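A.B. asks: Structure here, sequence nowhere to be found:
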């Protein structure tokens, strides 16, 4: 039965996994496996080594497919171990099957098992530790079980640090169950630590491999200081998940963090799974030690079997609390969309014992009459199947080629022998790493990330230790020299990343040339033709379900909108920007990029006297940048030109209200708002209010003689009969 469970979920995983590189960290992990490189901190040596092994053992298909297969197999093996562990604890095959189905058919588990990520392997290590406990729970502190448990935890720790969170629950539950003498308990723990250390010794791969200069060498951990820096994740903060750090106010965020975890649990297991798990936990807590879990012996009508195997309640409950809410309270991750999108996969570690509780809850159905029991179990088996089918478009990655296309399109944009500087964006870093390091494409291109972490660092060995201003100066020096020597391009949304240089629009990229021009006003003719060469295969349902997918796709629309604007196609540009805002809902970078580009469209339309297009452009900018006074003032001017005076007045007053809160430029922006209102009232021959507005504008701009003159003239006309 256990082998059948593995084969069943392996088939599901293989059928639904991504065919190549996916979004997020997928490309990095594939590249590290293909070239035995070092991924981002803490390096994940077990995944790199295992991915390389499976990739070499399966010489067909692309490296992306092979390493994705590793995740699918790890997920299936973890479910098989959960199934077998449930049987070992005295529950039946139906209940164990329910545990595996609820866990293995949850959308997040299915999605994570379908791409190259470390979380399926982390789940496998946790499931293996759970199985070892269940198999030897009555003599856990003996030499062999503790050595095996330590090896599972150590190897798992060489893949993901969060596995340490389950250690207290395993030791505490084992002590409660076995009650060893102190000396025997300490000997057992010593064996666990010894073999755990052997597993963790895989981290020695990082400095040894780094000294050989692999293509992917995050953090360059070739000496002790850099090795510890990577191992302890100091770029993030050891207890933080992302560079965004922790949420403000640890105590104040405790309740929201608990709600966040519970919401993820409900989304994945649904109300039926939650009720079953609650019933399983309640049945444990209310029974005395040694009392069997079931009221009968699997429906045979016999009395409960004395001495029936059981699992200490402290194991699943303490495991869930430490790996779920405990993890969130320890790291206290912020609530921004980037962190929330990355965070959901960390919950998988707490789901393994939760699935066991679901099985224990289903076990209570044996007290029902036979007919009702069979019908109830049949319905419960259908629940996870129906849930997975309903959410299929959010986890099935069989045709997910958006990240693959994006990486290929970036490579298509690069002239021969060029250098590319990437200004942030994991999907650019990692898809490019995949195609160049795993697939061997475009060896003529020299890629660099401006942080000096992922790709070879051109800024000097001391770059990472420099203060922020010195880092920026070093970047400008090196990159300006690069422009003089060879084609130099940027992956960036910033128009002013290299002062003293023009950034020509070049498809998805920007090409730097020496000189200066107005920001955002130039396009490389060679890059204009690239748009006809870019394939773009997008699954909107995946974007709705996953932030990191949703954050990638809008870059096409934003960059194409800039190209359309530069060619005078203003309405097409606006349509693309509106589409970017819709497809990138909740994505942090999208509103600012859409606002900036739509304001350029408004500027171009205003210069051409196309006030309808200008009004549409500034209205879009106001939707995305409501705290920018200039957006409202420009919108007001456009509305005024269209004869919509009431709306124009409202826009100017909104701009005035925002200007008063805008900081150092408040006086200047407020003066412009008063001036615009004065002009509006002047056109309506409302001389009294025009005088008031111009007077306020003149007061805020003491050297503006023209505005003061207009204030006096409006006052004179207001007093005239």
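C.D. replies: Great, that's in hand. These numbers come from a predicted model, not from an experiment.
A.B. asks: Can you verify my assumption that residue 188 contacts residue 141?
C.D. replies: Yes: taking contacts as C-beta atoms under 8 Å, residue 188 lies within contact range of residue 141: 3.3 Å. Heads up, the C-betas are built off the backbone N, CA and C, glycines and all.
A.B. asks: shared neighbours of those two, anything?
C.D. replies: residue 180 (C-beta atoms under 8 Å, 6 or more residues apart in numbering).
A.B. asks: Can you pull the poorly scored residue ranges out of the chain?
C.D. replies: For the chain, the stretches flagged by pLDDT under 70 are 237-252, 286-310, 516-521, 663-664, 721.
A.B. asks: Show me the strands in it, by range?
C.D. replies: For the chain, applying DSSP state E gives strands covering 419-422, 446-449, 488-491, 501-506, 509-514.
A.B. asks: right, and those - which one's nearest residue 569?
C.D. replies: Nearest to residue 569, of all the strands of the chain, is strand 501-506, at 13.3 Å by C-beta to C-beta.
A.B. asks: roughly how far out does the closest one sit from the chain middle?
C.D. replies: Here the centre of mass of C-alpha atoms in strand 501-506, compared against the chain's by C-alpha atoms, centre = their mean, to the nearest Å, lies 30 Å away.
A.B. asks: Other residues contacting that strand?
C.D. replies: So strand 501-506 is in contact with 413, 480, 483, 489-490, 492, 495-497, 510-517, 522-524, 526-528, 530, 559, 562-563, 566, going by C-beta under 8 Å, 6+ apart.
A.B. asks: mind listing the helices for the stretch 451-600 of the chain?
C.D. replies: Ranges of helices in the stretch 451-600 of the chain, per DSSP state H, counting those that start in this stretch, are 468-485, 525-528, 540-545, 547-552, 554-566, 570-583, 589-607.
A.B. asks: With respect to residue 180, which of those lies nearest?
C.D. replies: helix 547-552 (46.0 Å).
A.B. asks: contacting residues around the nearest residue to residue 434 once chain neighbours are set aside?
C.D. replies: Distance criterion C-beta to C-beta, 6 or more residues apart in numbering; nearest residue to residue 434, sequence neighbours excluded, is residue 27 at 3.7 Å. Counting by C-beta under 8 Å, 6+ apart, residue 27 touches 21, 64, 116, 403, 407, 427, 429-435.
A.B. asks: Tell me how many other residues surround the residue nearest to residue 9 when sequence neighbours are not counted.
C.D. replies: Leaving aside its sequence neighbours, residue 9 sits nearest to residue 76 (C-beta to C-beta, 6+ apart; 3.9 Å). Residue 76: 25 surrounding residues under other C-beta atoms under 10 Å.
A.B. asks: again, but for residue 190
C.D. replies: Neighbourhood size, residue 190 [other C-beta under 10 Å]: 14.
A.B. asks: any idea how far it lies from residue 184?
C.D. replies: 11 Å (C-beta to C-beta, to the nearest Å).
A.B. asks: Span of stretch 111-118 from start to end?
C.D. replies: Start-to-end span of stretch 111-118 (C-alpha to C-alpha, to the nearest Å) is 13 Å.
A.B. asks: Give me the contact list for that stretch.
C.D. replies: 13, 16-18, 21-22, 24-27, 29-30, 33, 44, 47, 51, 64, 67-68, 70-72, 74-76, 119-120, 159-160, 345, 348, 394-397, 545-546.
A.B. asks: Kindly supply the PyMOL command isolating those of these that are buried.
C.D. replies: Only the buried entries of the contacts of stretch 111-118 go into this PyMOL selection, using 16 or more other C-beta atoms under 10 Å:
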select buried, resi 13+16+17+18+21+22+24+25+26+27+29+30+33+44+47+51+64+67+68+70+71+72+74+75+76+119+120+159+160+345+348+394+395+396+397+545+546
